[in-house]
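Undergrad: What would the 3D arrangement of this be:
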Amino acid sequence: MSELVIIGAGPAGLAASIAARECGLKVTLIDEFIKPGGRLLGQLYKENDGTWWNGIKETDKLVARADNLGVEIKCGISVYHLDKYEHGWSVYTNDGIMQTPYVLLATGAAEYPIPMSGWTLPGVMSVGAAQVMTNVHRVKVGKKGVIIGANILSFAIMHELKLAGLNIECMILPPKNEISKTAADPMEVMKSLLRASHLAPSSILRLGSRLMINESLRKLALRFFPKKGISVWGIPFHLRKAAIEIIGEKQVEGVKIADITVDGEPINGTEKIIPVDFVCISGGLYPLAELAAVAGCPFRYIPELGGHIPQHNERMETPLKGLYVAGNITGIEGAKVAIAQGFVAGYSIADNAGISTETVKQKLQQAIKNVKYIREKAIIQFYPNVKENREKLYGTYQYI
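TA: Numbering: from 1, shown residues only. The predicted model follows:
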């Protein structure tokens, strides 16, 4: 029997397995995908210092460390239930039931879908699926496409698709409806993108973004937003155009778009069709926390962290004895924060498992400090005021 079962072999799960195994715990790391790495596998971007963050290479480093330490990594394993018993947890999988005193949920995040007319046609996919197909499987998803949904995630992946040689016609907003909500509101989209203005590919865009801190200026800028859009990495970004319908018989053939008002309402008579053969839809990310709910873990709703978050403290402990969380299940941040949280969880579990040496305690405290440091240095923040909302969450933590 493993002393620790980690569900999710992404950046947080891999890091936690390394930390816990370093401390002497017997660790089993499971994931439903065919290989470890999670969303880390699809990441490829340039750092501020000019170096490249290559998710596949970072995954290889973490997997090699885990393998060398003797972590048991089992892929192709799906978990459908967690059950608490007197001395630990039963983990129900498609490969049988595993029993363990400690469970770490490192299940990551999922993408918000934005349904619209034509979205079930072959050739329509989430922007994350396009990233995986391109960067992981090396499959070209089409000849010419449109990205529907403007957020930090879709901009980052648009750049990756551009680097891979895909032809992106433009980025536009989704249709305004009950599900798309703020994703279809030009003003809300503009405000959300200001958090990433330092990543803008030109000095003019960066300067313009800094001038937009005043709401009146934002409204003025939105009203006079160029009809031809703003070029981002050579791709037109339209804040005043939205998709109305995805067109096609047996597969994607085009996207019907229309000009929209500052409130996101389509303007009659402005419709036109852009011929494309693939469409990427992006509604942002939310914590993939169903297993925490199944286990009976209490939640907090914090929109600034991505939605419903399993209650936990900075040691990654939930109020349920023996159950821990790390990575994007705790709130949407980047892979580097997820890795740092994974190390916290691994050392925290070892400490609670009775390996309470001075070395383990020192490593745990240093790992907690490292999470805060990496969070402050992060070049991408998916949601605003992450630090303040983390502190609010930790301040309400209570054991059951």
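
Undergrad: what sits against the nearest residue to Gly327 once chain neighbours are set aside?
TA: Nearest residue to Gly327, sequence neighbours excluded (CB to CB, 6 or more residues apart in numbering): Ala12, at 2.9 Å. Where C-beta positions appear, they are placed from N, C-alpha and C, glycine not excepted. Residues in contact with Ala12 (CB atoms under 8 Å, 6 or more residues apart in numbering) are 106, 108, 326-328, 338-339, 341-342, 345.

Undergrad: Could you rerun that using 10 Å?
TA: 6, 38, 40, 104-108, 316, 325-330, 335, 337-346 (CB atoms under 10 Å, 6 or more residues apart in numbering).

Undergrad: Find the least confident helix or strand in the protein, judged by mean pLDDT.
TA: helix 203-210 (a mean of 46; mean pLDDT, DSSP states H and E).

Undergrad: Quickly run through the sheet partners of the top strand by length along the chain, with directions.
TA: Taking DSSP state E as the criterion, the chain has its longest strand at strand 235-247. Using DSSP bridges, the strands paired with strand 235-247 are strand 167-173 (parallel), strand 230-232 (antiparallel), strand 254-259 (antiparallel).

Undergrad: among these, where is the model least confident on average?
TA: When mean pLDDT is averaged over each of those, strand 230-232 scores lowest at a mean of 88.

Undergrad: quick one: buried residues of it?
TA: Of all the residues in strand 230-232, those buried under the rule 16 or more other CB atoms under 10 Å are 230, 232.

Undergrad: And stretch 382-392, by the same measure?
TA: By 16+ other CB under 10 Å, the buried positions in stretch 382-392 come out as 382-383, 386, 389-390.

Undergrad: just to revisit the earlier point, same list as before, the strands paired with strand 235-247 that is, but in a markdown table and with distance to Val141 included.
TA: Below are those laid out as a markdown table (distance: least, CB to CB, whole Å):
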| stretch | distance to Val141 |
| --- | --- |
| strand 167-173 | 11 |
| strand 230-232 | 20 |
| strand 254-259 | 15 |
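
Undergrad: Let me know which of the ones you listed is the nearest to Ile309.
TA: Ile309 lies closest, by CB to CB, to one member of the strands paired with strand 235-247: strand 167-173, at 27.1 Å.

Undergrad: Can you name the element that comes right after the closest one?
TA: Sequence order places helix 186-194 as the next helix or strand after strand 167-173, per DSSP states H and E.

Undergrad: Quick check: mean pLDDT of that following helix?
TA: 82.

Undergrad: So which elements touch it?
TA: If you count contacts as 3 or more CB pairs under 10 Å, 6 or more residues apart in numbering; DSSP states H and E, helix 186-194 packs onto helix 152-163, helix 203-210, helix 215-223, strand 235-247.

Undergrad: Flag the shaky bits of the stretch 151-300 of the chain, pLDDT-wise.
TA: 194-218 (pLDDT under 70).

Undergrad: Now for Ala130: which residues touch it?
TA: Contact analysis of Ala130 by CB under 10 Å, 6+ apart lists 42, 139, 141-142, 145, 147, 154, 157-158, 160-161, 164, 166, 168, 278-282.

Undergrad: mind redoing it with 7 Å?
TA: Under the criterion of CB atoms under 7 Å, 6 or more residues apart in numbering, the neighbours of Ala130 are 141, 157, 161, 280.

Undergrad: So it: helix, strand or coil?
TA: helix (DSSP: H, G, I helix; E, B strand; the rest coil).

Undergrad: pLDDT score for it?
TA: As predicted, Ala130 sits at a pLDDT of 96.

Undergrad: Quick one: the helices in the stretch 1-150 of the chain, in order.
TA: 11-22, 55-69, 127-131 (DSSP state H, counting those that start in this stretch).

Undergrad: which residues touch the residue lying closest to Gly70 once chain neighbours are set aside?
TA: Nearest residue to Gly70 in three dimensions, chain neighbours excluded: Arg21, at 6.3 Å (CB to CB, 6+ apart). Residues in contact with Arg21, defined by CB under 7 Å, 6+ apart, are 27, 69-71.
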